[in-house]
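S.K.: need coordinates for the following:
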Amino acid sequence: MIKIKTDKEIEIMRKAGEITRNTLLEIEKHIKVGVTTRQLDKIAHDYIVSQGARPSFLHYGGFPGSICASRNDVVVHGFPDDQPLKDGDIISIDVGACYRGYHGDSARTFPVGNISQEAQKLIDVTRQSFFEGIKGIKAGSHLGDISSQVQNYVEKHGFGVVRDMVGHGVGKSLHEDPEVPNYGYAGLGVVLKKNMVIAIEPMVTQGDYHISINGWDVRTLDGSLSAHYENTIVITDDGVEILT
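M.R.: Numbering: from 1, shown residues only. Got it, this is the predicted structure:
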């Protein structure tokens, strides 16, 4: 069941979103060759707690970290570890903060040192696909309008859109209805209503879009690079508001 938020709930979620966004900005300062994702995880954890919130991901379904740190061919759900980042890596950081019982959820993919032009293009297209996805979206639009706009933009640039992982509603639970695919057809799916809150999160592959799922481990099937970009948004009468 899709839960429409009250204006008061949206106010709380703005703060949760702000903490989530600022956590990613804090992490970005520390991404460099030689740093470990476990160190980044501690930075995220300490910042979220300092803001009067708690890390949404920590112990969620048994997940061991405050961030998902997904390197190179890892699509999502990478565990923080002690392996240093290397020159040329790309690293996707997904993080959530729970403030007064409501979650924010957001992800970015960052370059490490000097990366290839193709890897930078993948990061840029993935990011822009989110913004293409929300163009013209408002109360009365269909969920498929977002999905089709993301897919069309990504595939126009020669990349793949992951089918087996999707965005989702956000609120008191980190994952709520509806599911938000990154592919589909305009004019189909759930009709969006004012104060619906959803996380739109394109997961884009450099090669084929098929993935391998083994427990938490989610990788591209062909070993190609993958990038991730996510924001939590609220639907309004005349557009969307990005909370993260």
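S.K.: okay, buried residues for stretch 34-41 please.
M.R.: Of the residues in stretch 34-41, 35, 37-41 count as buried by neighbour count, 16 or more other Cβ atoms under 10 Å. Backbone N, C-alpha and C define where each C-beta goes, glycine included.
S.K.: what sits up against stretch 174-181?
M.R.: 1-3, 56-57, 60, 96, 98, 103, 105, 143, 146-147, 163, 166-170, 189-190, 198-201 (Cβ atoms under 8 Å, 6 or more residues apart in numbering).
S.K.: list the buried ones in it?
M.R.: So, applying 16+ other Cβ under 10 Å, buried residues of stretch 174-181: 174-176, 178, 180-181.
S.K.: which of the residues you listed lies closest to residue 152?
M.R.: Nearest to residue 152 among those, counting by Cβ to Cβ, is residue 181 at 13.2 Å.
S.K.: pLDDT value on the closest one, please?
M.R.: If you check residue 181, the pLDDT there is 98.
S.K.: hmm, back to that, need the max-distance pair from the buried residues of stretch 174-181.
M.R.: Using Cβ to Cβ, the buried residues of stretch 174-181 reach their maximum pairwise distance at 174 and 181, which is 18.1 Å.
S.K.: same for the longest helix that the chain contains, what does it pack against?
M.R.: When the chain is parsed with DSSP state H, its longest helix is helix 7-28. Helices and strands touching helix 7-28, as assessed by 3 or more Cβ pairs under 8 Å, 6 or more residues apart in numbering; DSSP states H and E, comprise helix 37-50, strand 90-99, strand 102-111, strand 231-236.
S.K.: try 10 Å this time
M.R.: Applying 3 or more Cβ pairs under 10 Å, 6 or more residues apart in numbering; DSSP states H and E, one finds that helix 7-28 contacts helix 37-50, strand 67-71, strand 90-99, strand 102-111, strand 197-200, strand 231-236, strand 239-242.
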